[in-house]
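1. sequence-free structure coming up:
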């Protein structure tokens with residue numbers, strides 16, 4: 001009859017069809033490992049649930065267990081940019097695997113919207129909150145109830161020490177190691193950072209680790225950069241200008257280590273304008289932005305493992321860990337620029 005809603009299938013309906021008590025059916029459907037019920041009982045309950053189209057009453061479960069099986073994912077620009085949405089894909093997959101729902105809330109990095117997002121999450125009694133940043137940085141998080149479990153994703157907070165970050169230090173080292181293994185030693189230029197020019201200036205902790213890893217590997221091989229040019233914003237036009245400056249000063253340069261892919265994009269254009277080519281001058285960069293695969297020849301880059309980080313954040317939130325950094329390896333994506 002039109003307009004009459006279908007009656008929700010209850011646990012009692014499943015138990016009745018399976019020929020078992022509601023308590024027994026509940027233990028089986030919630031995955032209790034110690035039910036001491038037969039394999040046949042498990043089969044009958046699962047078949048009955050599938051036949052009837054049973055869905056657990058999450059609201060009732062929440063009252064019993066104090067868990068809503070919902071995770072809030074609060075980000076600045078992650079959902080609206082193509083660069084970091086792998087964080088969401090990884091988190092969604094891990095949440096689904098764990099039987100949780102991900103509540104996505106985007107703030108645009110605005111403090112008022114961050115407060116509103118937190119209030120919306122707490123009103124829905126989420127089991128925990130993941131704060132995600134598009135670019136690794138220190139994140140200010142407003143006051144939260146002490147019982148709220150929080151994981152920082154691609155960011156850090158002095159008040160919430162549980163975090164998932166890319167292993168930038170190891171990534172910086174691996175970039176240098178790849179150049180050295182390809183025969184580049186005394187003619188490498190660094191594009192985007194100069195230690196002397198930036199002495200005393202603050203960059204994010206994660207960027208500082210990337211740079212520290214680079215210099216550590218250079219020192220281990222007894223090497224120094226033939227040139228190192230600094231810019232505060234790592235954008236293509238700066239990569240273009242700095243590469244031309246390096247070529248004018250040191251035409252013997254054989255490799256460019258760019259601190260991100262956008263700088264490398266500008267370096268490609270500068271090399272073409274100067275009548276030089278890749279990989280006659282090798283280039284390696286960081287992040288594996290979408291543009292890296294479209295450059296010709298393709299850009300070798302140390303990738304930000306966004307999907308793996310998103311997955312790790314959900315697993316960490318649902319674990320019993322109480323503090324500490326969880327570093328995710330940054331893989332090298334080898335293309336034709338070296």
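-> Happy to help now that I have it. Treat the numbers as computed from the prediction; the structure is a model and nothing was measured.
2. Excluding chain neighbours, what is closest to residue 295?
-> Spatially, and ignoring its direct neighbours in sequence, residue 295 is nearest to residue 268 (5.8 Å; CB to CB, 6 or more residues apart in numbering). (Each C-beta comes from the backbone N, C-alpha and C, glycine too.)
3. Is it correct that residue 184 falls within a strand?
-> No. Using DSSP: H, G, I helix; E, B strand; the rest coil, the assignment for residue 184 is coil, not a strand.
4. what about the closest residue to it other than its chain neighbours, how many neighbours?
-> Counting by CB to CB, 6+ apart, residue 184 lies nearest to residue 255, which is 4.1 Å off, once chain neighbours are set aside. Applying other CB atoms under 10 Å, we find 24 other residues in the vicinity of residue 255.
5. Beta-bridge partners for residue 255, please?
-> On the basis of DSSP bridges, residue 255 is bridged to residue 188, residue 282.
6. if we can go back for a sec, tally of neighbours for the residue nearest to residue 295?
-> 25.
7. who's in contact with the helix or strand harbouring it?
-> Secondary-structure element containing residue 268, defined by DSSP states H and E: helix 261-273. If you take CB atoms under 8 Å, 6 or more residues apart in numbering as the criterion, helix 261-273 is touched by 191-192, 231, 234-244, 247, 256, 258, 277-278, 281, 283, 285-289, 291-292, 295, 299, 301, 337.
8. Can you tell me which of those are buried?
-> The neighbour count (16 or more other CB atoms under 10 Å) marks 191-192, 231, 234, 236, 238-240, 242-244, 247, 256, 258, 278, 281, 283, 285-289, 291-292, 295, 299, 301, 337 as buried among the contacts of helix 261-273.
9. didn't residue 45 look like it was pressed against residue 20?
-> Yes. Counting by CB atoms under 8 Å, residue 45 does reach residue 20; the two are 6.5 Å apart.
10. Those two - which one has more neighbours?
-> For residue 45 and residue 20, the more surrounded residue by other CB under 10 Å is residue 45, and the numbers stand at 26 against 20.
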